[in-house]
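Undergrad: Structure of the sequence below:
(2 chains)
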Amino acid sequence: MSDVRLDAHAPAGPIADQWDAHRFGVRLVNPANKRKFDIIVVGTGLAGASAAASLGELGYRVKVFCFQDSPRRAHSIAAQGGINAAKNYRNDGDSVQRLFYDTVKGGDYRSREANVYRLAQLSVNIIDQCTAQGVPFAREYGGLLDTRSFGGAQVSRTFYARGQTGQQLLLGAYQALERQIHLGTVEMHSRTEMLELVLHDGRAVGVVVRDLVTGEVTSHSAHAVVLATGGYGNVFFLSTNAKGCNVTAIWRAHRKGALMANPCFTQIHPTCIPASEDFQSKLTLMSESLRNDGRVWVPKQIDDPRLPNQIPEEKRDYFLERRYPAFGNLVPRDVASRAAKREVDAGRGVGPRKNGVYLDFSDAIARLGRKVIEERYGNLFQMYERITGEDPYEVPMRIYPAVHYTMGGLWVDYNLMNNVPGLYVLGEANFSDHGANRLGASALMQGLADGYFVLPNTIGDYLAPQLGEAPVPTDHEVFRAAEREVDERVRGLLAVNGTRSVDWFHRELGKIMWDNCGMERSTASLDKALGEIPALREEFHRDVRVLGEHETFNQSLEKAGRVADHLEFAELLCIDALHREESCGGHFRVEHQTDDGEALRNDDDFAYVAAWEFTGVGSKPELHKEQLEFENVHLAQRSYK
Amino acid sequence: MDLTLRVWRQAGPDAPGRFEEHAVGDISPDMSFLELFDVLNERLTERGEEPIAFDHDCREGICGSCSMMINGQAHGPELGTATCQLHMRKFADGADITVEPWRAAAFPVIRDLVVDRGALDRIIEAGGYISAPTGSAPEANLMLVPKEASDAAMDAAACIGCGACVAACPNSAAQLFTAAKVAHLGLLPQGQPERYQRVEAMVDQMEELFGSCTNYGECEAACPKEISIDFIALMNRDYFKAKIGNRRLAAQR
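TA: Next up, the predicted model:
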């Protein structure tokens, strides 16, 4: 056993007072001393940009890195539907307590109560903050903020900016970040990728990065390192993630001792455009908000040859409304995804490859008029038409589930600090708030809560005792050694000079993962994946072909490094999935289901966070458990019926 | 489909560039334009030739990374569509397609079809924000925003910062990009306190880095988000007022 000890630092006392009490308990850095501290932030999505801007405003010296050409392009920008907040503007029974409850329940009781309650509390501040920045949220005619409802909730608490909520929230954070860059508190490095975390005396003291334009490898040191580098959905190759999204930053940290928590909790989003051909490079999400007005159905008859509009009502099976009358089309994502899979597996799929279900707007258009639907979803309908060549105002959309979000990530405590002191992890990159399944419109909420409001209030506790200490100099041996490792790794990839492209390996890995560790997992399928992944990894390092040079702009080389890390990480994901002998949220083990096919949790044996410690590539990782205590929410089987 | 691609290749910012011709056969009409490049790059790699560098990320038309000049049109022939959302069914079988990077003095070529668009970030840095330090915001519904103002602000805020407007402009002007941000923030009540400082700082920075606007209107036609050049008129009006208003205030000091 290693000497890792997990302490969540979850505060004591009544849950509603914990965040207040905790902020009073933490050490502070006085305003004049903040400029004596250097902080590195990696990633400029909602979590990274909001954290960097807020830390800069406080007076810290901040260095920010992103691999995109501009901080405005991080993948948060693609979030469509909205952001939840417990404002109760609708007078429909919402409250902080209810958002907390919905999130814990939606997460299938695998999240930490204290963190989730704080998230619900901070949700209201986020809406205030973003509105003040000029985020053009949708408005009522009287000038007040509009909301809509979303999956997993029976209240209307989702704020939105057309179908571009993520874009508008990210631009708000990006603009706040640019303001700090202008003021000189933040130094921005775009087209720069973090390739190593550097530790000294067990603490995170800096990073090694590669300039993607020149290939130059450099070290940067700081008093603390913040990773806000997003999720690992691209381990499945086909996902709704941007092409650049990758596991490298958190995997490199994991290899240095940072525990990885619940990696098997991956979310399959129910409403994506079905895959068409093998050349397909990514899957496109259609916002969950569409389920507000769209009705999901399949023909009752297998291989019904008729066009959807010619199939009469009584020959249609609105399977979500039938099976879950209380929530209907608005059941949580994991439930909706599995229900669609069941229909397609039973042969009732629609479309040329029989790999989708209908999402039909004809009732909503008849009820509300085309103009209202256009106003709500115009850009989504247009996007659908661009990709498929079909007009969703006339023909029902075809949708199917796709990998979308990853609830697992680096383990963090209540302060968002990892077991490695000085390493903070924010947003999708950490494991904290969504348990085994994230509710719609909660990712934006969590990213911004972490960046705007949690980290700026907790990081001082770690920094304060270091007052007067300079960061470890970048010519120190720990940095030199890390630079050498990076350099060797990069040159090693170029030296293989095999026969197959990086993308070929990535596709193969994706197939293994989707077939064996996707929407359904079993002992047999996971054993199969755990046999195939190391073999593919070995082949990759023997036969990959990366052309070009290290010292130039080389996109194949960038991809090769990321795929190499995905090939190591994929094994951990499957090990975690195999060890968790229960079904919960996005993790569905066929061995563990109720008679009517719903997920069957095992609270006696698995009500814990599985935090894995790296012991070497191909060697079995060591499991550490953080037991989850539920004092404010009653553990129950989720029911949306 | 069988196509002939003429693609710009350039090893680095200072290296000379040239067109390279590739016959690309067996292409599905359901492919996106970027998937065409994926396929071509796979084939190049198989042959031991270096793949073509191009910027891309979200592939759903929102991140603004992709940037290809296709047959002389920024993002290609389909109106209101970014390169990643353009599909091959819009081209005829046997077509000749020429692909170049964005061409503008403010966007130096990094490699092949990849350019440096950092100049757009400089404009935002100069003032494209509302100063609202974290934590200081009032309750959101205290401020009423007329729906019309919010909707118009959103029309402008839809800009994805891809730079097609600059690439399409014969003068390489960045008026549409700048105006979109000036209008987004200037149309909202929250943006009023800094409205005139903002427009002056942003326009002055823009003029330093980019060409001048002479009302060709190519920017609007190229914009994948169909942002209206009316916003440029709004910006010009505000800039004019700022130049007079700000000067008078300066004289009073």
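
Undergrad: okay, CA-based contacts and neighbour counts for the rest of this
TA: Noted.

Undergrad: give me the residue from chain B nearest chain A.
TA: residue B:58 (3.9 Å; Cα to the nearest Cα).

Undergrad: My read is that residue A:555 contacts residue B:56, right?
TA: No: with contacts counted by Cα atoms under 8 Å, residue A:555 stays clear of residue B:56, the gap being 10.8 Å.

Undergrad: The two: which has the busier surroundings?
TA: Applying other Cα atoms under 10 Å in any protein chain shown to residue A:555 and residue B:56 shows that residue B:56 carries more neighbours, namely 21 against 18.

Undergrad: That one: what secondary structure?
TA: Here residue B:56 is recorded as coil under DSSP: H, G, I helix; E, B strand; the rest coil.

Undergrad: that older thread, my guess is the residue of chain B closest to chain A meets residue A:68, correct?
TA: No: counting by Cα under 8 Å, residue B:58 does not reach residue A:68; the two are 11.0 Å apart.

Undergrad: ok so, going back, what distance do you get for the residue of chain B closest to chain A to residue B:160?
TA: Here the distance between residue B:58 and residue B:160 works out to 12 Å (Cα to Cα, to the nearest Å).

Undergrad: quick one, which of these two is more surrounded?
TA: Taking other Cα under 10 Å, residue B:58 and residue B:160 do not tie; residue B:58 has more neighbours (25 against 22).

Undergrad: Residue 65: neighbour count?
TA: Because you didn't say which chain, this covers chain A. 24.

Undergrad: meant chain B actually
TA: The burial count for residue B:65: 28, using other Cα under 10 Å.

Undergrad: Identify the residues contacting the residue lying closest to it once chain neighbours are set aside.
TA: Nearest in space to residue B:65, with sequence neighbours left out and distances taken as Cα to Cα, 6 or more residues apart in numbering or on different chains, is residue B:56 at 4.9 Å. Neighbouring residues of residue B:56 by Cα atoms under 8 Å, 6 or more residues apart in numbering or on different chains: A:243, B:65, B:66, B:67, B:84.

Undergrad: Where does chain A get nearest to chain B, residue-wise?
TA: residue A:242 (3.9 Å).

Undergrad: give me the element that residue is part of.
TA: Using DSSP states H and E, residue A:242 sits within no helix or strand.

Undergrad: Same question for residue A:194.
TA: strand A:192-200.

Undergrad: List the strands paired with the following helix or strand past that strand, with their directions.
TA: Using DSSP H and E, the helix or strand that directly follows strand A:192-200 along the chain is strand A:203-211. On the basis of DSSP bridges, the sheet neighbours of strand A:203-211 come out as strand A:192-200 (antiparallel), strand A:217-221 (antiparallel).

Undergrad: before we move on, back to that, leaving out sequence neighbours, find the closest residue to the residue of chain B closest to chain A.
TA: Closest residue to residue B:58 apart from its sequence neighbours, by Cα to Cα, 6+ apart: residue A:242 at 3.9 Å.

Undergrad: need the contact list for the one you found.
TA: Contacts of residue A:242 by Cα under 8 Å, 6+ apart are A:75, A:282, B:57, B:58, B:59.

Undergrad: and of these, the nearest to residue A:144?
TA: residue A:75 (28.9 Å; Cα to Cα).

Undergrad: The closest one: what's it in contact with?
TA: A:45, A:241, A:242, A:245, B:58, B:63.

Undergrad: how about TSV for these, with pLDDT and distance to residue A:209 added?
TA: Converted to TSV, the contacts of residue A:75 look like this (pLDDT from 0 to 100; distance: Cα to Cα, whole Å):
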residue	pLDDT	distance to residue A:209
A:45	98	18
A:241	97	23
A:242	97	21
A:245	98	16
B:58	96	23
B:63	98	23
